[in-house]
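In: Compute the structure for the input listed below.
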Amino acid sequence: MGHRSTLATWMLLLLSAATLCGWAQPPDSRPRGEGRNEEDEAILYLNLSPEQKEKLRQLRNIRDQETGPLRMQERERNAELRLLWLQLRPDPAKVKLKLRQIQELKGQIQEKDVDHWFSFRNLLTEEQLSRFLSLAGDRILRQDSPRPPPRQEQNPDSRNRPEQPE
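Out: A predicted model of the protein is given here:
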């Protein structure tokens, strides 16, 4: 019995270490798939020049430097909010304050992202911008397209019954 518990303990420690190592990696060291985000798709689709790619890399670095600390603060506030909710009797005022702090950080991040996208668009030629807007429009239409309503059945019991010929 002692051997099994020791083995289970080691397996748990290895699993924990592997998980922590994966989480501890900085975002740039994680593998990126092709078409990972809108910018990556745009780079492939727009045939950017080497100068444009370099400028975009610089813009990304600036954005990451500006938003990185804000994103970290947002994660910290979310963790603090989770801890508040885990209390036996959470203080509503503290919960609401934490929610306001999180929303403020999200707003700051969005403003930085908007600035980045305007800078990105300013890098493009008119032809590239037109192609980019076409790509973005297709993405938006796919996301916002109306979905057909779920099929409503007259009799809920009819789902499990085989159809009977008339």
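In: Going by C-alpha atoms from here, please, whenever you check contacts or count neighbours.
Out: Noted.
In: residue ranges with poor pLDDT in the chain?
Out: The chain contains residues with pLDDT under 70 at 1-39, 41-42, 138-166.
In: Can you check which helix is longest in it?
Out: helix 50-86 (DSSP state H).
In: Remind me what the helix or strand just after it packs against, helices and strands.
Out: Per DSSP states H and E, the first helix or strand lying C-terminal to helix 50-86 is helix 92-123. Helices and strands touching helix 92-123, by 3 or more Cα pairs under 8 Å, 6 or more residues apart in numbering; DSSP states H and E, are helix 50-86.
In: in the helix it packs on, what counts as buried?
Out: 52, 56, 59-60, 63-64, 67, 70-71, 73-74, 77-78, 81, 84 (16 or more other Cα atoms under 10 Å).
In: rewinding a little: between the longest helix of the chain and helix 92-123, how big is the angle?
Out: 170 degrees (axes from the mean of the first three to the mean of the last three Cα atoms, to 10 degrees).
In: heads up, I number from 28, so please use that
Out: Fine by me, first position is 28 from now on; the one you just mentioned is helix 77-113.
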